[in-house]
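# mind looking at a prediction? Sequence and model below.
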Amino acid sequence: MTRGRAWLLLTPALALLVVAFLVPVGMMVPTSFRPYVPLVGITGGFTATHYVKLVTDLYYLEIIARTLVLGLTVTLLTLVIGYPVAFFLARTTSRWRPWLTILVVFPLLLNLVVRTFGWIALLAQNGLVNQALQALGLVEAPVKLLFNFAGLLIGLTHIFLPFMVLVLIGAIQAIPRDVEDAARVLGASWLATFVRVTLPLSAPGILSGGILVFVLTISALVTPRLLGGPTYRVMSTLIFDEFLQRLNWPAGSAQALLLTALVLLLILLSGRLAGRAGVQA
Amino acid sequence: MSAARVRAWLLRAWVTLVFGFLLLPVVVVVLASLSRTSYLTVPPQGLTLRWFAAVLQDAEYLRAIAFSVVLAVIATLGSLVAGVGASYALLRHRVPGASVVSALLNAPLIFPGVVIGVALLQFYALLHVNGTFLGLALAHMVITVPYVVRAVTASLQGVDAEIENAARVLGASGPVAFFTITLPLARPGIVAGALFSFIVSFDNVPVSIFLLGASHMTLPVKIFTAIEYGVDPSIAAISTMLIIVTGLGLAAAERWIGFHRFV
């Protein structure tokens, strides 16, 4: 009786996700093995050429490498910039704390296109950043900050910093203050306490925040497209062009499945790591 | 000053700097929307509200706003029906394979949006339903349902199952107990989930851009396309409107349900 009711309650959600998510994603697998003839389209038959190209063609390898390097750099930057902020927000007793947290959430909820647009205005040749750099005498001529690695790095770090901060706040709040106090009482310096007690105890948060930011960065489409333009490509913008401009759906499906595989691999790996950390703790 | 005071001061300075970094593009967009020039420039040269007037008189923008609102409302209603029921079932009943079901419900959260977009583009094309409103709405439900499930589950966990059992003992039927006791107690989570869902749907580009028919346009896709054609202050003006609406909405949500507990 109750089991029947449980499945009844689950049916709408399951039906939705199977029909409009699992099946469509699964159907990309056969498409990715179909030959594609320019000007003709998708033809019958079987070929692994789209996958072979992804791992042998330097053009694709460069885009994949760029995407992964970008993901790693953004993850490290958000961690270094965000950790002190999360530490502050987790520990402050200020009555403004909920509102300060809301201030971290605000950029997250603000339309992504709008935030990226702000960075276009900031990073353009005559934008505010270049104006400031020139006024300070740091550079003579405007620096190119759009349509290259620097632009994507700045924009994506800004976009994903709130995620890192929010995950870290939770992890740091979970650390019992007694442990730190004990270390200090036993004579450890502030730095030693931080490096040997606080930081290791927040490792689960660093791991999950890092995985989250990495996965979001390599999946991001809007920011890389607007700050990278049509020529400086990452994996997601490559998929975008393959489907909407070149209309080579088989190649696009292979690229989409590779991106998905990378994301799933990372999630699985983090699950393993978290599991192992849990056993030790 | 003691070392501890210096550290506290340095930390505050860093936090202030990072908040500045977080809000910088927002401030820049607002400033750019006020410029008299027809090209984008910060700081603004002269002050005017004419770009706001231009956007509000632009039929294409107005249609895009209306379409985005309708789509987000329908997607949110769908996600609530699917998500509230699923959260309740997973939390209160022993469901075989619950962990698999739960993983599937949360999968769209970490799945690249662009992959969901292209997968549905292909799938709908095959079924000859590409460019339909229903297809787009279903896609938006897929990407919003995890937010409802997360918020509602968080809220339901704080509701003692014994309260519902007490109602059952006192003679209420299962559905009556659910609708009159459990649902009202889980209201903060449902409101938060609905808000998240609305925002996620209203903001989406990576899924929408592949599924929109020729006659429809959502607001973010419209802005996205406009930026690709070239930036001008009217884009800053519509962006500023979104900043104001988001800010007011968030402040109201914080007052109403303590929104920060759900993030």
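Yep, that arrived.

# from here on, contacts and neighbour counts on C-alpha atoms
Fine.

# how far does the helix or strand where B:A66 lies sit from the chain's center?
Here B:A66 sits within helix B:59-92, counting by DSSP states H and E. Relative to its chain's centre, helix B:59-92 lies at 10 Å (Cα atoms, centre = their mean, to the nearest Å).

# with only the CA atoms kept, save whichever helix or strand comes after it in CSV.
Using DSSP H and E, the helix or strand that follows helix B:59-92 towards the C-terminus is helix B:98-110. Written as CSV, here are the backbone C-alpha positions of helix B:98-110 (Å, rounded to 0.1, in the frame of the first residue of the first chain):
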residue,chain,number,x,y,z
ALA,B,98,16.2,5.1,-3.5
SER,B,99,19.8,6.1,-4.0
VAL,B,100,19.6,5.6,-7.7
VAL,B,101,16.4,7.6,-7.9
SER,B,102,17.9,10.3,-5.8
ALA,B,103,21.0,10.4,-8.0
LEU,B,104,18.9,10.7,-11.1
LEU,B,105,16.8,13.5,-9.6
ASN,B,106,20.0,15.5,-8.8
ALA,B,107,21.9,14.6,-12.0
PRO,B,108,20.8,17.7,-14.0
LEU,B,109,22.5,19.9,-11.4
ILE,B,110,26.0,18.8,-12.4
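
# which helix or strand lies directly C-terminal to helix B:98-110?
Sequence-wise, the next helix or strand downstream of helix B:98-110 (DSSP H and E) is helix B:113-127.

# so what touches that next one?
A:20-21, A:24-25, A:27-28, A:219-221, A:236, A:239-240, A:243, A:253, A:256-257, A:260, B:130, B:135, B:139, B:206-211 (Cα atoms under 8 Å, 6 or more residues apart in numbering or on different chains).

# residues of it that come out buried?
B:G113, B:V114, B:V115, B:I116, B:G117, B:V118, B:A119, B:L120, B:L121, B:Q122, B:F123, B:Y124 (16 or more other Cα atoms under 10 Å in any protein chain shown).

# next, the angle from that helix to helix B:98-110.
100 degrees (axes from the mean of the first three to the mean of the last three Cα atoms, to 10 degrees).

# now helix B:113-127: average pLDDT?
Taken as a whole, helix B:113-127 carries a mean pLDDT of 96.

# packing partners of the helix or strand that B:A236 is a member of?
Taking DSSP H and E as the definition, one finds B:A236 inside helix B:233-257. Counting contacts by 3 or more Cα pairs under 8 Å, 6 or more residues apart in numbering or on different chains; DSSP states H and E, helix B:233-257 is packed against helix A:97-109, helix B:3-32, helix B:50-56, helix B:187-203, helix B:219-229.

# hey, which of those is tucked in deepest?
Of all the helices and strands packed on helix B:233-257, helix B:187-203 has the most neighbours on average by mean count of other Cα atoms under 10 Å in any protein chain shown, namely a mean of 23.

# report the distance from that one to the chain centre.
On Cα atoms, centre = their mean, the centre of helix B:187-203 falls 6 Å from the chain's centre.

# can it be found next to chain A?
Yes. For helix B:187-203, a contact with chain A is found by Cα under 8 Å from any Cα of the partner chain, at B:I199, B:D203.

# measure the residue nearest the centre of chain B to A:I175 for me?
Nearest to the geometric centre of chain B sits B:I199, at 2.0 Å (Cα atoms, centre = their mean). Distance of B:I199 to A:I175, given as Cα to Cα, to the nearest Å: 32 Å.

# got it, and A:N111?
Distance, A:N111 to A:I175, using Cα to Cα: 33 Å.

# for B:V15, list the residues it contacts.
A:P84, A:V85, A:F88 are the contacts of B:V15 under Cα under 8 Å, 6+ apart.

# center of chain A, which residue is that?
Centre-nearest of chain A using Cα atoms, centre = their mean is A:L216, 2.2 Å out.

# point out where chain B drops to low pLDDT.
Along chain B, the parts satisfying pLDDT under 70 run over B:1, B:263.

# kindly list the longest helix within chain A.
Criterion DSSP state H: the longest helix present in chain A is helix A:58-91.

# just to revisit the earlier point, you'd agree the residue nearest to the centre of chain B is up against A:L108?
No. Taking Cα atoms under 8 Å as the definition, B:I199 is not a contact partner of A:L108, at 10.2 Å.

# before we move on, the earlier item: which of the contacts of B:V15 are buried, as a PyMOL select command?
The buried residues among those can be selected in PyMOL (16+ other Cα under 10 Å) with this line:
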select buried, chain A and resi 84+85+88
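
# could you dump the contacts of B:V15 to JSON lines with distance to chain B and pLDDT?
As requested, the contacts of B:V15 are exported to JSON lines (distance: Cα to the nearest Cα, whole Å; pLDDT from 0 to 100):
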{"residue": "A:P84", "distance to chain B": "7", "pLDDT": "96"}
{"residue": "A:V85", "distance to chain B": "5", "pLDDT": "97"}
{"residue": "A:F88", "distance to chain B": "7", "pLDDT": "95"}
